[in-house]
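**Q** Sequence and predicted structure are below.
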Amino acid sequence: MELLLASAVGILTAGGIYLILRQRTFPVIIGLSLLSYAVNLFLFATGRLALNQPPILNKYAEVGYTDPLPQALVLTAIVISFGMTAVVLMMALSAYLASKDDRIDMTDSDAQGGEDA
Amino acid sequence: MSHLIILPIVLPALVGPFILMAIRFHSDLQRVFSIASVVLLNLIAVTLLTRTLDGSIEVYRLGDWPAPFGIVLVLDRLSAMMVLLTTVLALPVLLYAIGSGWDTRGRHFHALFQFQLMGILGAFLTGDAFNLFVFFEVLLIASYGLMIHGGGSVRLRAGVQYVVYNLIGSSLFLIALGTLYSVTGTLNMADLAVRVATLPAEDTSLIRVGAVLLLLVFAIKAAVLPLHFWLPASYANAPAPVAALFAIMTKVGAYAIIRMYTLVFGPDVPVAEGLAGDWLLPAALLTLAAGSIGILGTREIGRLVAFGAIASMGTLLIAIALFTPQATAAALYYTIHSTLTAALLFLVADLVMERRGGALSPRPVMPQNGLIAALFFAGAIAMAGMPPLSGFVGKLLVMDAARGDAWVWTIWAVILITSLITIMGLSRAGSLVFWKAHDRSVTPPETEEETDIGQPLTPELAPEPVPGLAFVAAFALLAGLVLLTVLAGPILKFTEATAAQLYAPADYIQSVLQRP
Amino acid sequence: MILTYAIFFATGCFAIALLLNLWKIATAEGVGDRVLALDTMVINAIALLILYGLANGTEIFFEAAMIVAMLGFVSTVAYARFMLRGNIIE
Amino acid sequence: MSLFLIAALPFIGAVFPALLIRAGRNAASLSTGAVTLLALVGLLVHAPAVLRGEVVTSRFDWLPDLGLNANFQLDGLGLLFATLILGIGLLIITYARFYLSREDPMGQFYSYLLMFQGAMVGIVLSDNILLLLIFWELTSLSSFLLIGYWKHLPEGRQGARMALTVTGAGGLSMIAGMLILGHIAGSYDLSVILQHKELIQASPLYAPALILILLGCFTKSAQFPFHFWLPHAMAAPTPVSAYLHSATMVKAGLFLMARMWPVLSGTDLWFYIVGSIGLITMVLGAVIALFKDDLKALLAFSTVSHLGLITMLLGFGTEAAAVAAVFHIINHATFKAALFMNAGIVDHETHTRDIKLLGGLRHLMPVTFTLAGIAALSMAGIPPFNGFLSKEMMLEAAAHTDWAGVAWLVPALAVFGALFSVAYSLRYIAHVFLGKKRHDYPSHPHDPGPGLWLPPAVLVTLVVLIGLFPNAIATPLVTAAATAVTGHEVHFHPALWHGLTPALYMSIVAVLGGLLLLALHRGALAVWNNLPRPEAKVIFDALVRGLTQASRGITDGLHNGSLTRYAVIFLIFTMGLGWYAFSTGAFGPETHETLPITAMPLLGWFCLVGSSLCVVAFHHNRLLSLVLIGVTGLMVSLSFSYLSAPDLALTQISVEVVTIILLLLALNFLPQETPRESSPARRIRDIAISVTAGLGMGGLIYAMMTRDFAMPSISEYHLANSYKGGGGTNVVNVILVDFRGFDTFGEITVLGIAAIIIFAITEATLGSRVRARLLNRKPWKPLAGDAHPLMMVVATRMMMPIAFMVAAYIFFRGHNLPGGGFIAGLIAAIAVIMQYMASGFGWAAERQKLPYHGIIGTGVLVAAVTGMGAWFNGLPFLTSAFGYVHLPFLEEFELATAALFDLGVFLAVWGAVLLALQSLSRYAWQPGIASEHPMDINPERDDAEIEQEGH
Amino acid sequence: MSQIFEYLIAAALVLGGIFGLVGSFGLVKLNDPMSRLHAPTKATTLGVGGVLIASMIHAIASEGHLSWHELLITLFLFLTAPITANFIAKAHIHRHETPQSLPPAGEDGLWATHDVPASPEAAPTAPLARD
Amino acid sequence: MRMFARIFPHPLLTGLLTLVWLLLVNRYSINSLLFGLLLGTVIPFITRPYWPDRPALRNPLKILAYLLIVIWDIVVANFTVARIVLFKSNASRHPAWITIPLELRKPEAITVLAGTITLTPGTVSADLSAEGHYLLVHCLDAPDPDAVRDEIKTRYERRLMEIFE
Ligand code: NA
Ligand code: NA
């Protein structure tokens, strides 16, 4: 099972990074989403894997619980990355509307003037 | 139980939403509340600093949970100093934003400004690694908003780059924290220190990966080459007061490096052997080089200052990378200096850009040329590390601290040669902007390219800019630099005491982990 | 005993169903079919969640199933609306 | 007067002229003069004591930990220089008042001048070499301002930058030198350093220290090969040239060599570097000076030459030479400053400095001529003027100097230099003042008012007086100074006649040769002009331009705006360092038992991996990639569910849907396809990087999952105390709202900020020209009819309330079972989204204007205030209280402050999502977009209307 | 647990599983887009329904209390499935059908999806008057 | 009465929501009922603007009968569809579009009809006509489309007419 999760994290990471390295804003944002899945799973897995042991305290029986802390951390991370994604999406959209260009690189915009004194 | 420690976080966290909710449509009231909040923060910061002077460390246990199980805030000399530096910077920057009218060129400047402060101050105060991540995110997202304040296509595109780069960085932060947690089972920084120190020697690879990834995350913030690429475009395209405030953001990275690599992965911790200094020092040297070369090579005054900020981070990181108490003391002094300097120059750059555009090409004389030139001259002196301002003192301190290091000659050579390049670049820029304007051959450019940025959205409602206030703000920063120079002795005493506290982390650890 | 086999059988059915959906998503012609496959996938996933809860004797997955059901609807409608009108909340 | 004050006075005084200039030029100059005079008087008060051999000191601890202290001392050398600086300064101030025209900003000028003056005084009074460095660099800075004073002249701007670059570079190398020196001596205090000659000269660091310090001196004092900046600094107003570039600043290097003479001189290294450079400079400067037609250039190169002369003397390392050097410093200052002022008068009156256009001025400007004549004769070394005295001493010293075993070399070159010196000095007289009166002067010259000629006259008087009565006037000062330089008592008895010494013969040869050379000037000039010689400025400019261009190339090349490249560098660097860190550590065997791979997770793995690979493979079709990422999100959520993380599953899926909705809203305005534009090579590179990153990340997490915690996790405490101390059985939720509630507080702040940023961007964009573009936007594809289908609207009337119900349920149970404020907030938001999708944003918003900002603000405030509530019990922020409350007829409630905090979370999340949606829908707004009715087709309504119309 | 309950549950599960599989199989097998739409909207619904019924019976049988909340999911699915199908069908009509390829819509002229207003200003807010 | 209408804009919805709450908490006590009723009152009150009109049901009791028929049909439909999917080749299947003229006028009624059609044998409600007087239905396999139309009209629409109009 650990192998499955680790390889899934790896593939999500690879896919995310490949898309992040694309040249248009939209695939980059998709790539960031994929990467954030990978990171969330990664962070979650640092508590080790457990089946059927949700950290909901059982008053009636002695049962095992999986590590709740990484779950709480991932929750925070999910929320934050949601906010970030929304912002970058809006920025990318507005940048596109303002410049009619959705390239992520700005290689064109830095070549101007400058002379000797 | 003193709640003063948490006020630097809670106060802006209250004022921000209040501005959003209650006085969203009252620019004047927003200004009043924003200034009041920052003034109050300054008072709090001064009080906090005085409480650390005797070397005591205060711990604030959130939710009344004992460390390491809950989150703690820790006030020691370093955090107190950084808090005060932030608030001291914030006031003139805010005044400038109001004075120049920048605050009304987009929505929610003041709320975002408060949130930005909340994030920065929280990052300085927290004693929990994951909470540090959260505050990093708070300060980052506020910075995204501030960076694109006012809109405009170039700024937005630069903003997208800034955000994307930082999102990758945030992912790395989580990976690093996860790695550290998966080995040590804790998130509290003091507890991490204890556990890392007692880690079994036969299994250190993972913790080393976590440690180095964490360092990289901070290195991004601190704009260490080759992780600095986000900075020039972001800072150059950000509104000036924002860029000036960002001067402290790179210091957050520097702070975190100092904190983590003295407390948890200190020079004596075998696990962290060779993780920081080995590559950080050369990287810092290259950062300094890249920054100064940028200063000479740039075509635009905003970028010039941005590269100056990179160069000053290079110098600062050289001192940090030495990881000795003396060098760290020098680094802390230099931190104050470079923050105020970069802020001053960003404001000056804005004064220039507002009047003649930022291009380093001849334009006719602008209004208040002399006054702005004087400010630029002072800022340039500070940035180049020329006397009499604190940059020179800082440079000497850093060079002096490098004396015992094997790299001393390289460090000295790089610092001095880059100083020369910086001087050349700044004098070239100054001469072009302020002097060449007087040349009779200079005529106004035929067409000013039209921009759709930086115009007040509702001119009839927006309060007038107060140009005098803008100058007051710039001069206040300059005065700060003068004070930093004149009071170099006592301030250095303080940073030395701070460094001493950092390199003897037992106190910190004990204060945090003891049961109340 | 028979229950175990039944659960196993049903799980297997829905698992294969899920794979078929995935196959459709990977190979379909247009977006429409894929949205349909996604919608089916969501429903199959609900079944799997319930089955998993059944096998483990826990109701902890009920909420997940319910919310998946609700959200699957919303996202399918959103995709379809996008194809129809571009603006999904005009 | 305290030395500290003497050094500070000019700086303090620098404020006055800038402020007083509104009161008039006289006020500005008077205040400047008064400050200078005050400092001079303060200085001279100490003169008797110093001349007696005492050393006046003044100490002030500034940065004791660095060894940088404001320590000042005044000895003979300092007195000599300080007197020169302040005395000549006074004259220059007077002169400048009349020299500058009305258009020149005189307040600025005097401010700069005073700053410079203070810096110079600081240099010569410093008893701390770090302090000295500060003043040293300050002279560079203030001279930069002074040279560039006439901003409109390109020569001024370029000359200023050149001077700053050269002297700045020297200053920087001197910093290193001084730091080394201080390191060797163990102190940065001069008085200490000067006592450690043996220690210093024996140190292996002596050579680098010496060379670095000398670099500073040579650049400042325009020694070969750094001499070229000085002539270009002549673009400055003449008072500046007279002050900085003859009398004072250029002597700073000499001063420092003299200052350090006791500890640095006397070695071979010193002799060969300093002596040789001085010699070369002296000769070279003299030769070039002769062929300059610009008055100031002539004087500039003559200055170079004389500075070389003094350097050479200091380099000889003998006491006699040192004394001669000190004496010549005084003499040169007097006659050269006078000559510069004189040249300024000529320029001022004739409007030219070109010697070829001049001649015969003695008829029109007798006073000027007289002053020029005496000063130039002194410069030429003609008795009975002071220049003669020191030149004799120089020749005497040269005559006894043996260079690497060659006895004749130094004397011969010294005579050669002196010969040229005579020639250019006399040329200054002959070609400017003598000869026939011309009729083609650019202006009508006549003697200026006394304001301009009195200052040089004072200096010329000194030239004469020192020449005639050296012992009465110069000896005490020179003795004191030379004693300070050499470190022991010096006896100095200058006289016009020493008998038939070698120096006298050499002098005679020089004078006669000089006269001859002048006579042959035209021919010599022709030869000179045909000589190939490097033009320093061209080389320097090329260097600077090259450096600038290289910098630009590097900078633009590095920071080319390509985020993808930045990211690639970032990733490679990170992976490299990560691998380094991993491979240099120890890696033990697996300790944690793994779970078996069963069918269910394998299936999930297939779906997850398959869908994410599809996302990548089909990413060019943007809508499709959104559908596919929906699958991925669903699978991630199921994975969480399967792996005992129900809260995560709920959160993941809800966030997923809202994200997709936002992405769809945005995609409406974006291109529908991503073009294929990456080259195959680039794709391969990207694949390599991403696969490596994936392997790294997967490997890392696998390594972690297969190992136990090295120490017990703190979460054991959370499990143990969740119910007891936090009042909830859902440990994750208790961690979120209690143990780590502060994280959550930060997190909702992030979300709130995100929403207001989105709002702010919308405002900014709609406030710009983009608005018109949006209003005239055409859909990217033909639209379907029936925007608000009847079935959807009707279903929503049920679904939305049910969704709210579910949200309430999720909210209330969160503390004990999976759920909580965050998920509830998202579900509530989705409920509203359903309504928006059914009848349109406009229709819905018209019916219920939700104050989005207020909701977010309330949320954050509720959370904060809840946290602060604990303060009233004297407990820290976010300390929770809880208890179970039975309200009659209602469910048993756990009333926890944490629930209130969670309410804040709920509101912030809900508001944030809605504000984001609102912002996006504002982009889509076009006239008439908001429908009047909830659904487009409604037969009931239509029929009713038709019926009404029928009536 | 009594045998009868067990058989009931097993039957519901097997039935549900088969229907679920058939639905997804239909999605792959059927060759025209509109036909594919049938499979999931019905078969899958009942598939899940079967599982839910099984779960409900199981709760009654094992814990002895009435657990009806699976009904809620059924309710959701029954409420939403027609809407989903309607939207997907509309999307298909919009993209792949023309007014000519569909049966006539009687006196209404066009099917709603094809009834595109000329411009946003002329959005279908006011009905056309008819005799 | 008006007061009642303001507080309970849709009493049936209130009932439904209360039921939903009971199902959610999965606990059938008076406390839960009361709390569900509370939420079931508050939520429709808040969402009232989105459902402005109050459709009156003429014959609510017939709903139950209708429901039973539909559920039965759904079960049957599933077997039918399963047979078609599994055993009928694509070539021998006769998919068809059919137009169903509507007598129903109320949106709620039309929705229920369309929903029923979708959930029952081999038919999917695809679209409504421009004025809402016809329903476009797709049949998975309809050798005789007219029969399908007639059955829908008689089996479902007639009953709905009784309930709604
Ligand atoms: Na929760
Ligand atoms: Na608590």
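**A** Right, received. Where do you want to start? Ligands and ions are numbered 1, 2, ... in the order given.

**Q** Tell me where the stretch 251-400 of chain D has helices.
**A** D:268-270, D:276-290, D:295-316, D:319-350, D:366-380, D:386-399 (DSSP state H, counting those that start in this stretch).

**Q** what do you get for chain F?
**A** Using DSSP state H, the helices of chain F run over F:2-7, F:11-25, F:30-47, F:62-87, F:107-119, F:145-151, F:158-164.

**Q** what's the answer for chain C, then?
**A** Counting by DSSP H, chain C has these helices, from start to end: C:2-27, C:31-56, C:62-85.

**Q** picking up where we left off before, comparing the helices of chain F, which comes out most buried?
**A** Across the helices of chain F, averaging neighbours per residue (mean count of other C-beta atoms under 10 Å in any protein chain shown) puts helix F:107-119 on top, at a mean of 26. From N, CA and C alone the C-beta is placed, and that goes for glycine too.

**Q** what about the helices of chain F, which gets the closest to D:N776?
**A** Distance to D:N776, taken as C-beta to C-beta, is lowest for helix F:107-119 among those, at 34.4 Å.

**Q** Any part of that closest one near chain E?
**A** Yes. Helix F:107-119 lies within reach of chain E by C-beta under 8 Å from any C-beta of the partner chain, at F:111, F:114-115, F:117-119.

**Q** How about that helix and chain D, touching?
**A** Yes. Contact of helix F:107-119 with chain D (C-beta under 8 Å from any C-beta) involves F:107-108, F:110-111, F:114-115.

**Q** repeat for stretch B:11-25
**A** Yes. With C-beta under 8 Å from any C-beta as the measure, stretch B:11-25 is seen reaching chain D through B:13-14, B:16-18, B:20-22, B:24.

**Q** So which of those wins on neighbours?
**A** In terms of neighbours by other C-beta atoms under 10 Å in any protein chain shown, the residues of stretch B:11-25 next to chain D top out with B:G16 at 32 neighbours.

**Q** where's that one, which helix or strand?
**A** When elements are assigned from DSSP states H and E, B:G16 belongs to helix B:7-21.

**Q** what is the mean pLDDT for the following helix or strand past that helix?
**A** With elements assigned by DSSP H and E, the helix or strand that comes after helix B:7-21 is helix B:27-52. Averaged across helix B:27-52, the pLDDT comes to 95.

**Q** likewise stretch D:35-55?
**A** Here stretch D:35-55 scores 92 as its mean pLDDT.

**Q** Just the endpoints, please. Distance across it?
**A** Start-to-end span of stretch D:35-55 (C-alpha to C-alpha, to the nearest Å) is 24 Å.

**Q** Same question for stretch E:29-49.
**A** Length of stretch E:29-49, first residue to last, C-alpha to C-alpha: 23 Å.

**Q** Can you read off the pLDDT for the closest residue to chain C within chain A?
**A** In chain A, the residue that lies nearest chain C is A:N52 (4.9 Å; C-beta to the nearest C-beta). A:N52 is assigned 86 on the pLDDT scale.

**Q** and chain F, which residues reach ligand 2?
**A** On the criterion C-beta under 5 Å from the ion, ligand 2 has no neighbours in chain F.

**Q** Low-confidence stretches in chain F?
**A** F:1-3, F:55 (pLDDT under 70).

**Q** Quick one: find the helix or strand in chain D with the lowest mean pLDDT.
**A** strand D:892-896 (a mean of 62; mean pLDDT, DSSP states H and E).

**Q** Please list all residues in contact with the residue nearest to B:S205 when sequence neighbours are not counted.
**A** Closest residue to B:S205 apart from its sequence neighbours, by C-beta to C-beta, 6 or more residues apart in numbering or on different chains: D:G585 at 3.5 Å. Applying C-beta atoms under 8 Å, 6 or more residues apart in numbering or on different chains, we find D:G585 in contact with B:204-209, B:271.

**Q** try E:W111
**A** Residues near E:W111 by C-beta under 8 Å, 6+ apart: E:93, E:99, E:102, E:105, F:127-130, F:136.

**Q** Quick check on these: which are buried?
**A** E:93, E:102, E:105, F:127-130, F:136 (16 or more other C-beta atoms under 10 Å in any protein chain shown).

**Q** Tell me which entries of these lie within strands.
**A** F:127-128, F:136 (DSSP state E).

**Q** Which single one of these is nearest to chain B?
**A** Nearest to chain B out of these is F:D127 (C-beta to the nearest C-beta; 40.4 Å).

**Q** what is that closest one paired to in the beta sheet?
**A** On the basis of DSSP bridges, F:D127 is bridged to F:L136.

**Q** Run a quick neighbour tally on residue 55.
**A** No chain in the question, so chain A it is. 30.

**Q** think we crossed wires, I meant chain E
**A** 24.

**Q** just checking, it touches C:L49?
**A** No. Counting by C-beta atoms under 8 Å, E:S55 stays clear of C:L49, with 10.3 Å between them.
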